[in-house]
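# Give me a model of this one.
(chains A and B)
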Amino acid sequence: MIELALLITGAIVIVSSRTITALSAYVVLAAAVSALIAPSASASWMTLALFLLATAIKVVLVPAGIVLFMRANPAAGDLRPSLVLPLRLLLVVGFAILAYSAGHFPTLVAIRFGGVAGFVLLCGVGMLIVHRNLISHMIGLLTLGVAISLAGAIFAPELPESFELGATFDALVATFIGLALVRSIVAHNPLLDVESLRSLRG
Amino acid sequence: MNAWVIVAPLVAATVAIGFRGFAARRVVRIGLAAFAALMPITIAGKVDGLSLVFVVLVSTLGLFATIFSAGTFSADWGTDEVVWSRKHVYFILLSAFWSAMLLVVLADNFATLWLGISATTLATAFLVAFSGEPAALEAAWKYLVLCSAGIAFALLGIVMLAHVSMAAGLDPAHALSWAAIAAHAPAAPPLARLATALMLIGFATKAGLAPMHVWLPDAHSKAPAPISALLSGVLVSCALYAIMRTLQVGAVLGSAPLLQSLLLWLGALSTIVAGTLMLTQTNLKRLLAYSTVEHAGIVALALGFGGPLGLFAALFHVVAHGFAKSAAFFAAGMVQREHGTTELGELRALWAAGPSGRLLLGALTALAGMPPFGIFVGELLLVLAGIAAHAWIPLALGLLGIVLAFAALARSAIEIEAGRPKSTNAGRRMSRLGITATALALSGALLFGIVPWTTLGTTLAAAASAIGGNR
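Residues are numbered from 1 along each chain as shown, chains lettered A, B, ... in the order given. So this is what the prediction gives:
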């Protein structure tokens, strides 16, 4: 069931053309992964505190920052996809097939959720490529962070908080710096279109 | 003690803010930075040779960048060219960058190393965008997105490495320590190859190796000159250090042949791509940035050739390039300040214009690989390592890239140093501190070419042995 939820939300992140829809899907995705990797009640208070902090940052703080920015800059609401909807759907199907195949490699076949983590990872990378709005890059990086949290829980269940913290730090850095930069960029590029960031070439 | 060494630059910059008066604050800032740069003496013998070489590189060039910044930007800020309140932010970010790089090279496991690499992004993205110009913001955005994605893949590889280590019986606390992995020599499952390959690709993105290099020329050319010097001379070296550590565990996990093949082709591609694009550049700082891609490619090639000679060549080249590239960016910063431009078509007769032009010529000569500078020795060692490894095609491609880069640097140096003055002098002379920092960095590049091999050889061979150079 949770695998299906991860697949659907991962697909919505990349297929959606509205920022709020993609962001909502990311929040559900991040919350589902957090639920999946949550430490048991017998874990140390330190582990629990770190987990709660990381979850609060990824599921509440970072999306809230993006929503506040969108309210101030309505142009951020459109993800400005480079590919039409049928092509985006085709891409998601391609990612699903690729992740399913990778999950059945002899190396990874014994690892549960390996294919799902691969799919979420590909959705994060796809988000960086498919949409032209700068906010889509941030959602893509956040999705990559969720994929790594999931991979951490799958591959190193003895060290979940280490990788959860690492992925959260990356997400926090990307969002914090990203929003600060976007605030400056919007003065020169009100549409936040990545096409306008191509003056440095060659 | 390592923690104090790491936070010392940040503490020094914070303390300096408390001093009143422009001259007093400048003296205190440089004095405390020198103290922070000397702190690593306290850990000599407690870290391995490889870490020690990089700690010295980071600390020395961090100090030079602080001296240069105190001598140039502080003066400009005094004339209201930059908002006064941002001066402190600049020095805090510069020292945070320095501290983050120390964290990378003093880490004893991949989790801490990754955290350090990630922390450098936090400090430097703002520094790249410091001028606030649209082009600088564009460069910072590309840097943030591409490097964050790259290091995310490195983290994924580290996650898999932890799985491999723990499956081999290492306890979770030491699962990512390279010393522990080397000591236990776990069996080499196929997942180890995937893990180390992902780590290499991720760190190669931060090192600016082609085809993941696209962010580097933009970020390194749009940052303020001392930051460009640290980005090109030290941060790229830190990413190469992470690759060396990956190679160290790869040798134990049986993935060294795969990693070395990847490095050979990434290195050859980087030198060719950078050498070709250097011929088309019209801006001095962008030319220097592409030269960084070329030199990162040379180091990758040397690591790919492997063996004691290849690893020694890689280390030698990293250090020699760090000093030469820092000198070149410092000099470019002085030229920009004095002439108001870094466009190659606008710069002429720099040799006659003052010390900045002469220092720039020295730095360009060093980067082109001319004797007696250290880069010449590094490239000579690369050729010998390539011959020893019988890797003829990557060696030939690498040499072609080196020749193209030489042609680009030689042509630009002749154009801007000779002829009649063309640019309008911006009327601002370089401070003595700026000239001192540039001359010191250039001296370092020269020192590596003329110091007796017996002295340097022992230190660097010991460092190379840490990554398997004794095999």
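# Just the element for the residue nearest to residue A:199 when sequence neighbours are not counted, please.
Setting aside the residues directly before and after it, residue A:199 is nearest to residue B:135 in space (Cβ to Cβ, 6 or more residues apart in numbering or on different chains), at 5.8 Å. To be clear about C-beta, it is placed using only N, CA and C from the backbone, and glycine gets the same treatment. Secondary structure assignment for residue B:135, by DSSP states H and E: helix B:134-167.
# For the host helix or strand of residue A:22, name the packing helices and strands.
Applying DSSP H and E as the criterion places residue A:22 in helix A:19-37. The elements that helix A:19-37 packs onto, with contact taken as 3 or more Cβ pairs under 8 Å, 6 or more residues apart in numbering or on different chains; DSSP states H and E, are helix A:2-15, helix A:45-55, helix A:62-72, helix A:114-130, helix A:134-155.
# Could you check how many residues crowd around residue B:203?
Burial of residue B:203 is recorded as 27 neighbouring residues (other Cβ atoms under 10 Å in any protein chain shown).
# what residues are up against it?
Contacts for residue B:203 (Cβ atoms under 8 Å, 6 or more residues apart in numbering or on different chains) come out as B:117, B:150, B:151, B:154, B:239, B:240, B:242, B:243, B:246.
# rerun at 6 Å
B:154, B:239, B:242, B:243 (Cβ atoms under 6 Å, 6 or more residues apart in numbering or on different chains).
# Among the helices and strands packed on helix A:19-37, show me which one is buried the most.
helix A:134-155 (a mean of 27; mean count of other Cβ atoms under 10 Å in any protein chain shown).
# next one: that helix to chain centre, how far?
In terms of Cα atoms, centre = their mean, to the nearest Å, the centre of helix A:134-155 is found 4 Å from the chain centre.
# And for stretch B:181-198?
Worked out by Cα atoms, centre = their mean, stretch B:181-198 lies 27 Å from the chain centre.
# Not counting its own residues, what contacts that stretch?
By Cβ under 6 Å, 6+ apart, stretch B:181-198 touches A:107, B:153, B:156-157, B:160-161, B:164-165, B:168, B:170, B:246, B:249-250, B:252-255, B:258-259.
# Also stretch B:343-358?
The contact list for stretch B:343-358 (Cβ under 6 Å, 6+ apart) reads B:282-284, B:331, B:334-335, B:338, B:412, B:416-417, B:419-423, B:430, B:435.
# Same question for stretch A:47-67.
Residues contacting stretch A:47-67 (Cβ under 6 Å, 6+ apart): A:23, A:27, A:30-31, A:34, A:39, A:161, A:164-165, A:168, A:171-172, A:175, A:179.
# now that stretch: mean pLDDT?
Mean per-residue pLDDT for stretch A:47-67: 88.
# hmm, back to that, where among the helices and strands packed on helix A:19-37 is average confidence lowest?
Of all the helices and strands packed on helix A:19-37, helix A:45-55 carries the lowest average pLDDT, namely a mean of 84.
# Could you check the angle that one makes with helix A:19-37?
For helix A:45-55 against helix A:19-37, the angle by axes from the mean of the first three to the mean of the last three Cα atoms, to 10 degrees is 160 degrees.
# which is the next helix or strand following the helix or strand where residue B:198 lies?
Using DSSP H and E, residue B:198 maps to helix B:190-207. Once helix B:190-207 ends, the next helix or strand along the chain (criterion: DSSP H and E) is helix B:215-222.
# picking up where we left off before, max pairwise distance over the contacts of stretch A:47-67: which two?
Farthest pair in the contacts of stretch A:47-67 (Cβ to Cβ) is A:39 and A:179. Separation: 29.8 Å.
# Compare the contacts of residue B:203 and tell me which is most surrounded.
residue B:243 (30 neighbours).
# Now do the residue nearest to residue A:199: how many residues are near it, please.
Other residues near residue B:135 come to 16 when the count uses other Cβ under 10 Å.
# Centre of the chain to stretch B:386-398, how far?
With Cα atoms, centre = their mean, you get 24 Å for stretch B:386-398.
# contact partners of it?
So stretch B:386-398 is in contact with B:264, B:268, B:271, B:272, B:301, B:305, B:309, going by Cβ under 6 Å, 6+ apart.
# Tell me which two in those residues are the farthest apart.
Most distant of the contacts of stretch B:386-398, by Cβ to Cβ, are B:272 and B:309, 22.8 Å apart.
# Get me the contact residues on chain A for chain B.
A:107, A:137, A:141, A:144, A:148, A:151-152, A:155-156, A:158-159, A:162-163, A:166, A:170, A:173-174, A:177, A:181, A:184-185, A:188, A:197, A:199-200 (Cβ under 6 Å from any Cβ of the partner chain).
# Pull out the buried residues from those.
A:137, A:141, A:144, A:148, A:151-152, A:155-156, A:159, A:162-163, A:166, A:170, A:173-174, A:177, A:181, A:184-185, A:197, A:200 (16 or more other Cβ atoms under 10 Å in any protein chain shown).
# CA atoms only: put the helix-or-strand element of chain B with minimal mean pLDDT into PDB for me.
One helix or strand of chain B scores below all others by mean pLDDT, DSSP states H and E: helix B:453-466, with a mean of 74. The C-alpha trace of helix B:453-466 is given here as PDB (Å, rounded to 0.1, in the frame of the first residue of the first chain):
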ATOM      1  CA  TRP B 453      62.600  16.200  -4.900                       C
ATOM      2  CA  THR B 454      64.000  14.500  -1.800                       C
ATOM      3  CA  THR B 455      62.200  17.000   0.500                       C
ATOM      4  CA  LEU B 456      58.800  17.100  -1.200                       C
ATOM      5  CA  GLY B 457      59.000  13.500  -2.400                       C
ATOM      6  CA  THR B 458      59.000  12.100   1.100                       C
ATOM      7  CA  THR B 459      56.000  14.100   2.200                       C
ATOM      8  CA  LEU B 460      53.900  13.500  -0.800                       C
ATOM      9  CA  ALA B 461      54.900   9.800  -1.200                       C
ATOM     10  CA  ALA B 462      53.700   9.300   2.400                       C
ATOM     11  CA  ALA B 463      50.400  11.000   1.500                       C
ATOM     12  CA  ALA B 464      50.100   8.900  -1.700                       C
ATOM     13  CA  SER B 465      50.600   5.700   0.300                       C
ATOM     14  CA  ALA B 466      47.500   6.600   2.300                       C
END
